[in-house]
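[1] A structural model of the following input is requested.
(one chain, ligands or ions: 1)
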Amino acid sequence: MVAFSVNLFAGAIALPTIMGWRRIGIAARHAVLATGLQALGWLCLVLSTLVRNEWPDRLLSTLAMGAMSASLVTLWRAIRLWTGHGRPDERSLGLIALWLLTGLMTLGYGIGFTSYPWRVGLANGVLGLQMLMVAMAALTHSPGTHRGWRAVIAASMAIMATITFWRGILGAFFTESYPFLTAPHPINQLSALVSSVVLLLNSMALLMAYREEAERQLREQAITDGLTGLLNRRAWTERAEVLLADARRYQQPLGLMMIDIDHFKRVNDEHGHARGDQALQLVARMLHEQLRSGDLAGRYGGEEFCVLLTHTREGPALSLDQRLRQCLRLESEQALGFVLEYSAGLAALGENDRTLDDLLRRADDALYEAKRAGRAQVVLAAR
Ligand SMILES: Nc1nc2c(ncn2[C@@H]2O[C@H](COP(=O)(O)OP(=O)(O)OP(=O)(O)O)[C@@H](O)[C@H]2O)c(=O)[nH]1
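    Presented below is the predicted three-dimensional model:
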């Protein structure tokens, strides 16, 4: 038990040391926290075996059970976040059930501490149930995540759940053959052996999951504009080329709108660079709100945005421009304290547009015309 606790503590210290804390995602933080809580639980359990008086024993053992149970809830959340099935602000039925189990078990354990069958049956029953829920979370189908680490967590949790249930049944109904936690019973010998293996495998699986998360973050950073969250120029161009090829192949209408904020240098000069950044973020948000899911928006340059409107003819594209303009005027006045305007060039896909560059060139020429004609307007490119 002491050796296992030492291993656990080493893991609880090593994991955040390897991963870090500030730069890791919310899922990895949950995993680190889960390891820490488990180590705390085992520390309390070891200490409880050293004290002779009932009340310190009751307090330490209850704390131990609460921490171990909370550790499983935190691990469950880490896995849900890693597999893309949960959100950081999740209030799902599963999470509520897990926390309720933790609360009820800790309370029941503390109150009924003097009854050995009750407390051992309750604690092991609840912990076993929570382990099964963690195993199920790891098994939930999740495209884009590696099956290996999920399988390792699911298998180790299922094995631990079996041993834990077994221990609970022995404690609750066959107390004479299982009189205390460190009794030399085969279940404890098996548990000691399996726990060490499970600890090692789980730590490896968590590191694999963390690596996967870090890779995903890197991939996202490589295609996203950090300020606005829109696609960056390279990623937008790559995707736009695919959409353009599809539109040509299936002879679908397609529009390309190039948007450039008016007098943006003045915005920066008069209101400061931070406010300029806010203005860019506002335009990105407006685009996000006004566009359909199949459309493609990207930050093309400093204060220039490109939007590819799929299955869209000139008329609806011009209506979108009007909607966008109106929303931006209203929102910018409220959020920034001044009205933000933009000029735009709109090019509809025509027979002569062989490549994306052809379409971009025509949209850019139209944008130039819009600027020359006095700004705050959209100009339709000549075919
Ligand atoms: N705050 C902020 N400013 C940026 C960013 N990227 C580019 N800019 C600024 O955008 C301004 C663009 O200025 P110009 O190209 O002269 O264009 P403009 O002032 O909008 O004038 P028109 O386009 O002719 O209406 C420059 O002052 C750049 O410094 C950014 O990420 N944040």
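[2] residues of this structure that sit close to the ligand?
    Contacts of the chain with the ligand, taken as CB under 6 Å from any ligand atom, map to 227, 260-266, 268, 273, 276-277, 280, 302-303, 371, 375. C-beta coordinates here come from the backbone N, C-alpha and C atoms, glycine included.
[3] among these, name the buried ones.
    Neighbour counting by 16 or more other CB atoms under 10 Å classes 260, 261, 262, 264, 268, 276, 280, 303, 371 among the residues of the chain next to the ligand as buried.
[4] check the offset of whatever helix or strand residue 170 lives in from the chain's centre.
    Using DSSP states H and E, residue 170 sits in helix 147-173. Distance of helix 147-173 from its chain centroid, counting by CA atoms, centre = their mean, to the nearest Å, is 27 Å.
[5] mind listing what's buried along it?
    By 16+ other CB under 10 Å, the buried positions in helix 147-173 come out as 149-150, 152-161, 163-172.
[6] ok, the nearest residue to residue 349 once chain neighbours are set aside to the ligand distance?
    Once flanking residues are discounted, residue 349 sits nearest to residue 254: 4.1 Å by CB to CB, 6 or more residues apart in numbering. Using CB to the nearest ligand atom, to the nearest Å, we find residue 254 at a distance of 26 Å from the ligand.
[7] for residue 34, same thing?
    Where the ligand is concerned, residue 34 sits at a distance of 39 Å (CB to the nearest ligand atom).
[8] start the count at 57 instead of 1 going forward.
    Okay, using 57 as the starting number, the last item reads as residue 90.
[9] next, the contact list for that residue, please.
    Residues in contact with residue 90 (CB atoms under 8 Å, 6 or more residues apart in numbering) are 127, 128, 130, 131, 134.
[10] how deep is residue 405 tucked in, by neighbour count?
    23 (other CB atoms under 10 Å).
[11] for it, grab phi and psi.
    Main-chain dihedrals, residue 405, degrees, to the nearest 10: phi -60, psi 130.
[12] tabulate the buried ones among the residues of the chain next to the ligand (JSON lines), appending distance to residue 268.
    Putting those into JSON lines (distance: CB to CB, whole Å) gives the following:
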{"residue": "316", "distance to residue 268": "39"}
{"residue": "317", "distance to residue 268": "38"}
{"residue": "318", "distance to residue 268": "44"}
{"residue": "320", "distance to residue 268": "39"}
{"residue": "324", "distance to residue 268": "40"}
{"residue": "332", "distance to residue 268": "36"}
{"residue": "336", "distance to residue 268": "31"}
{"residue": "359", "distance to residue 268": "36"}
{"residue": "427", "distance to residue 268": "46"}
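[13] and the residues you listed as a markdown table, adding secondary structure?
    Listed next are those as a markdown table, based on DSSP: H, G, I helix; E, B strand; the rest coil:
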| residue | secondary structure |
| --- | --- |
| 316 | strand |
| 317 | strand |
| 318 | coil |
| 320 | helix |
| 324 | helix |
| 332 | helix |
| 336 | helix |
| 359 | coil |
| 427 | helix |
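[14] okay, now the unreliable bits of the stretch 257-406 of the chain?
    Within the stretch 257-406 of the chain, no stretch has pLDDT under 70.
[15] quick one on the thing from earlier: quick one: which of the contacts of residue 90 is nearest the ligand?
    Nearest to the ligand out of those is residue 134 (CB to the nearest ligand atom; 34.7 Å).
[16] in contact with that closest one, which residues?
    By CB under 8 Å, 6+ apart, the residues touching residue 134 are 83, 84, 86, 87, 90, 262, 265.
[17] the helix ranked longest in the chain packs against which elements?
    The residue-count maximum for a helix in the chain (DSSP state H) belongs to helix 242-279. Judged by 3 or more CB pairs under 8 Å, 6 or more residues apart in numbering; DSSP states H and E, helix 242-279 is in contact with helix 58-75, helix 82-106, helix 110-138, helix 203-229, helix 289-305.
[18] turn the ones you listed into JSON lines, columns for distance to residue 399.
    Output for the helices and strands packed on helix 242-279, formatted as JSON lines (distance: least, CB to CB, whole Å):
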{"stretch": "helix 58-75", "distance to residue 399": "47"}
{"stretch": "helix 82-106", "distance to residue 399": "40"}
{"stretch": "helix 110-138", "distance to residue 399": "42"}
{"stretch": "helix 203-229", "distance to residue 399": "50"}
{"stretch": "helix 289-305", "distance to residue 399": "19"}
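[19] quick one: which of these is nearest residue 388?
    Nearest to residue 388 among those is helix 289-305; the distance by CB to CB comes to 23.3 Å.
[20] and that closest one, how far from the chain's centre?
    On CA atoms, centre = their mean, the centre of helix 289-305 falls 28 Å from that of its chain.
[21] tell me what angle that helix forms with helix 242-279.
    Between helix 289-305 and helix 242-279, the angle comes out at 80 degrees (axes from the mean of the first three to the mean of the last three CA atoms, to 10 degrees).
[22] pull out the buried positions in helix 289-305.
    291, 292, 293, 296, 299, 300, 303.
[23] ok, residue 261 touching residue 211?
    No. Using CB atoms under 8 Å, residue 261 is not in contact with residue 211, being 9.6 Å away.
[24] so the helix holding residue 226 versus helix 242-279, what angle?
    Using the same axes, to 10 degrees: helix 203-229 against helix 242-279 is 150 degrees.
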